[in-house]
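**Student:** Sequence below, structure please.
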Amino acid sequence: MSLARTKPLLLPLAALLAFELWIRLAHLQSDSLAPPSAVLAALVAALADLTIPIATRDTLLAAFAGLAIGSIIGLGLGIAFGVSSMLDRLMEVTVEAIRPIPSIALLPIALIALGFGYRMEIVIVTFACVWPMLILSRTAVRGIEPRLMEVSRALRLTPVQRTIKIIIPAALPRIFVAFRLSAGIALIVAVTVEIAINPLGLGAGIMLAQQALRPDLMLAYLVWIGAIGYGLNLALIVVQHRLFGRAATAGAGS
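**Tutor:** Okay, the predicted model is just below:
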């Protein structure tokens, strides 16, 4: 590993070392803080006894299912609104009235309708993921070069053919940026639902550790969630650059 790649790690490692020394020298006893060495030990132990892997499976199952459903719904609506200005104007008030509602605010309704478990969590994650896909895919479709649409009309393509052959390929780099954003939201919302009410997954593990007065395990869960989020975003960035090259950077910056 080159020195240039290790430089970004120097500051967090130095901060962790300083925090470790401060806790040890101050002989701090806390229900909310733990030395990094204890957090690392708790993380290794929870990985070894499969507590964290099982919780990770539960969280990612709900997050990815909600992400997939929300992305499909948001993409379909975004393309429809981007293509049809009349439909966009017709639905503008409805969309702008529903979109600001926090997804977590739907918990009481979802709990009554669906009860505890995956279904409730998937519905909440789906609701959260629809909006970034809808808004950004609509903007992507509107930003398509007008000459491409003229070509599709000259070729007398049907709406379905136009969408498959012209609209989606032209807007795909920006749509992928929307998917990356939705993926992060899906993980955040899934963990939040588990912390708030759903007794499964990584969020529930955090709450159990807190109730057991295990700050080391609680922080270990937080570190693990951060690692999952970082790894997921990094994987999507790699895929984005492999698929779109320079268009990925252009799409992200638009």
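**Student:** For the helix or strand where Leu107 lies, buried residues please.
**Tutor:** Element membership for Leu107 (DSSP states H and E) is helix 107-114. Neighbour counts over helix 107-114 (16 or more other Cβ atoms under 10 Å) mark Leu107, Ala110, Leu111 as buried. Heads up, the C-betas are built off the backbone N, CA and C, glycines and all.
**Student:** Stretch 34-41 too?
**Tutor:** Ala34, Pro35, Pro36, Ala38, Val39, Leu40.
**Student:** For the helix or strand following the helix holding Leu107, what does the pLDDT average out to?
**Tutor:** As assigned by DSSP H and E, the chain's next helix or strand after helix 107-114 is helix 118-142. Summarised as a single mean, pLDDT over helix 118-142 is 93.
**Student:** how many degrees apart are helix 118-142 and helix 107-114 in direction?
**Tutor:** 120 degrees (axes from the mean of the first three to the mean of the last three Cα atoms, to 10 degrees).
**Student:** nearest to Thr192, of the buried residues of helix 107-114?
**Tutor:** Leu107 (9.4 Å; Cβ to Cβ).
**Student:** Name the residue most distant from the centre of this protein?
**Tutor:** Relative to the C-alpha centroid of the chain, counting by Cα atoms, centre = their mean, Ala154 is the outermost residue, at 39.9 Å.
**Student:** of all the buried residues of helix 107-114, which comes closest to Leu217?
**Tutor:** Set against Leu217, the nearest of the buried residues of helix 107-114 by Cβ to Cβ is Leu107 (25.2 Å).
**Student:** With Gln210 as the reference, measure out to the closest one.
**Tutor:** For Leu107, the distance to Gln210 (Cβ to Cβ, to the nearest Å) stands at 19 Å.
**Student:** rewinding a little: Provide the contact partners of the helix holding Leu107 at residue level.
**Tutor:** Here helix 107-114 makes contact (Cβ atoms under 8 Å, 6 or more residues apart in numbering) with Met120, Val123, Ile124, Val193, Ala196, Ile197.
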